[in-house]
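In: Using only what follows, build the 3D model:
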Amino acid sequence: MRIAKLPARLSLCLLALTLAACCRTSQTNCEATTPNTEAGSTDGSGSKVRFNQPGAIAVDAGGNLFVADTANNTIRKITAAGDASTLAGSAGNSGSSDGNGSLARFNQPGGIAVDAAGNLYLADTQNHTIRMVTSAGLVTTIAGRAGQAGQDDGTAGNARFNQPWGVTRDAAGNLYVTDTGNATVRKITAAGVVTTLAGSAGNQGSSDGAGTRAQFNLPRGIALDSASNPAANLYIADTGNNTIRKIDQNGGVSTLAGTAGSSGSDDGSGQRARFSQPYGLAIDSAGNIRISDNGNQLIRTVSVTGVASTLAGAAGTAGDANGSGSKASFNQPKGIAADAANSIYVADTGNNLIRKVTTDGQVSTLFSSGSSSSCLCLFKF
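Out: Got it, this is the predicted structure:
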């Protein structure tokens with residue numbers, strides 16, 4: 001029996017159809033990327049870079065990112081060109097030593113802020129201290145004493161904190177800290193004098209009011225609506241209350257969005273909005289308050305009038321998918337920062353990833369690895 005040879009054109013058509021079927025079944029598209037959620041401490045660029053439960057993030061005017069790599073006990077830098085390096089600390093080695101670069105030690109560092117000169121200010125949470133890291137990686141302790149939790153106001157090492165987490169800085173050099181374990185908001189002047197701005201140490205609650213009459217419940221994320229304005233307002237993610245709070249220039253505390261004791265994921269205005277353990281908080285140049293809604297696996301936006309909306313993620317769905325809006329997923333997002341273009345960077349803690357969210361809700365992953373395929377995808381479909 002003779003087998004008829006297929007015409008050359010028909011053979012080429014069949015080959016093209018085979019490739020198309022292979023690419024469609026094994027790849028979403030030829031340019032797909034797959035996040036690698038494996039924990040580690042590798043520096044560099046591309047898919048080999050690793051983090052270990054990154055908890056907080058800041059961005060400078062040049063687009064460089066700074067990450068508190070919490071479980072590694074290090075401070076990492078990601079340049080605008082996409083190169084990751086360890087600025088201070090030694091992966092896997094906790095402690096409280098001041099010093100340069102890898103000689104310094106941290107103990108589960110939390111929130112981080114950066115000034116115009118590139119100096120970093122961070123809450124070294126389990127050391128109960130506030131640290132400074134210069135752009136060259138020199139680490140000093142500016143307030144608190146390592147290993148000694150407390151609530152005392154005072155100057156520099158005479159002050160005490162209890163698991164501080166969030167940090168923000170104004171143009172005058174004052175730092176504002178969410179002293180999470182004390183349920184207070186503290187202020188540190190440029191001279192190192194620490195005072196309690198709002199809340200009453202050890203008295204958790206949700207009361208609005210001024211000074212010690214106000215109450216918080218595990219406050220974490222904190223940001224100023226204008227670092228250069230002496231009359232700026234502070235906004236706080238009051239994690240344990242599931243609310244977003246505001247401290248005005250007169251020290252008055254109010255609840256901007258959410259209802260204390262009521263968790264959920266509803267968008268809406270004021271008390272009709274719901275959150276679940278809101279964690280990180282940042283404010284972009286347009287005045288949008290961006291929030292990592294940790295318990296909901298969401299990135300949310302709250303306007304200055306208290307209207308909450310969901311920018312990215314699907315409520316209650318943990319994952320590492322990139323995509324638009326609700327097609328994307330996160331896993332315990334914590335730290336959040338906004339760049340000059342109002343894009344958002346998220347420390348996606350449970351995924352060991354750094355994510356980017358554009359203003360229209362497009363989510364991507366920094367240092368993604370290319371997807372693999374059992375065939376050579378020659379065409380885009």
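In: where exactly do the helices run in the stretch 1-150 of the chain?
Out: Ranges of helices in the stretch 1-150 of the chain, per DSSP state H, counting those that start in this stretch, are 8-26.
In: OK, contacts around the residue nearest in space to the middle of the chain?
Out: The centre of the chain sits closest to residue 335, judged by C-alpha atoms, centre = their mean, with a distance of 1.7 Å. When contacts are counted by C-beta atoms under 8 Å, 6 or more residues apart in numbering, residue 335 touches 54-57, 67-68, 111-112, 221, 279-280, 292, 346-347, 349. C-betas here are computed from N, CA, C, even on glycine.
In: Give the ranges of residues in the stretch 251-381 of the chain that sit below the confidence cut-off.
Out: Judged by pLDDT under 70, the stretch 251-381 of the chain has its weakly predicted residues at 369-381.
In: returning to that earlier point: buried subset of the contacts of residue 335, written for ChimeraX?
Out: Command for ChimeraX that selects the buried part of the contacts of residue 335, burial taken from 16 or more other C-beta atoms under 10 Å:
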select :54,55,56,57,67,68,111,112,221,279,280,292,346,347,349
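In: Specify the beta-bridge partners of residue 307.
Out: When bridges are called by DSSP bridges, residue 307 pairs up with residue 269.
In: Surely it and residue 269 touch.
Out: Yes: with contacts counted by C-beta atoms under 8 Å, residue 307 reaches residue 269, the gap being 4.8 Å.
In: if I look at the two, which residues touch both of them?
Out: With C-beta under 8 Å, 6+ apart, residue 307 and residue 269 have common neighbours residue 257.
In: so of the contacts of residue 335, which ones are in strands?
Out: 54-57, 67-68, 111-112, 221, 279-280, 292, 346-347 (DSSP state E).
In: could you list every residue that touches residue 339?
Out: 59, 63, 345.
In: could you redo the last one with a cut-off of 10 Å?
Out: 59-65, 80, 282, 284-285, 345, 356 (C-beta atoms under 10 Å, 6 or more residues apart in numbering).
In: List buried residues within those.
Out: 59-60, 64-65, 282, 284, 345, 356.
In: how deep is the residue nearest to residue 359 when sequence neighbours are not counted tucked in, by neighbour count?
Out: Spatial nearest neighbour of residue 359, excluding adjacent residues (C-beta to C-beta, 6 or more residues apart in numbering): residue 342 at 5.2 Å. The local packing of residue 342 (other C-beta atoms under 10 Å) involves 13 other residues.
In: Residue 348 now?
Out: Neighbour tally, residue 348, other C-beta under 10 Å: 30.
In: That one is in contact with residue 322, isn't it?
Out: No: contact criterion C-beta atoms under 10 Å: residue 348 and residue 322 do not qualify, at 11.1 Å.
In: Need the overlap of contacts for those two.
Out: Contact criterion C-beta under 10 Å, 6+ apart; residues shared by residue 348 and residue 322: 35, 329, 355, 363, 365.
In: How many neighbouring residues does the third one have?
Out: In terms of burial, residue 355 registers 24 neighbours under the definition other C-beta under 10 Å.
In: what ranges do the strands span in the stretch 151-300 of the chain?
Out: Counting by DSSP state E, counting those that start in this stretch, the stretch 151-300 of the chain has strands at residues 154-155, 164-169, 175-179, 184-188, 193-198, 209-210, 219-224, 234-238, 243-247, 252-257, 268-269, 278-283, 289-293, 298-302.
In: could you give the angle of the third one to strand 184-188?
Out: Here strand 175-179 points in a direction 150 degrees away from that of strand 184-188 (axes from the mean of the first three to the mean of the last three C-alpha atoms, to 10 degrees).
In: Strand partners (parallel or antiparallel) of strand 175-179?
Out: Using DSSP bridges, the strands paired with strand 175-179 are strand 164-169 (antiparallel), strand 184-188 (antiparallel).
In: now do the fifth one
Out: Paired with strand 193-198 in the same sheet, following DSSP bridges, are strand 154-155 (antiparallel), strand 184-188 (antiparallel).
In: Would you tell me which one of those is buried the most?
Out: strand 184-188 (a mean of 24; mean count of other C-beta atoms under 10 Å).
In: by how many degrees do it and strand 234-238 diverge?
Out: Going by the same axes, to 10 degrees, strand 184-188 makes 140 degrees with strand 234-238.
In: Right, I'll call it a day here.
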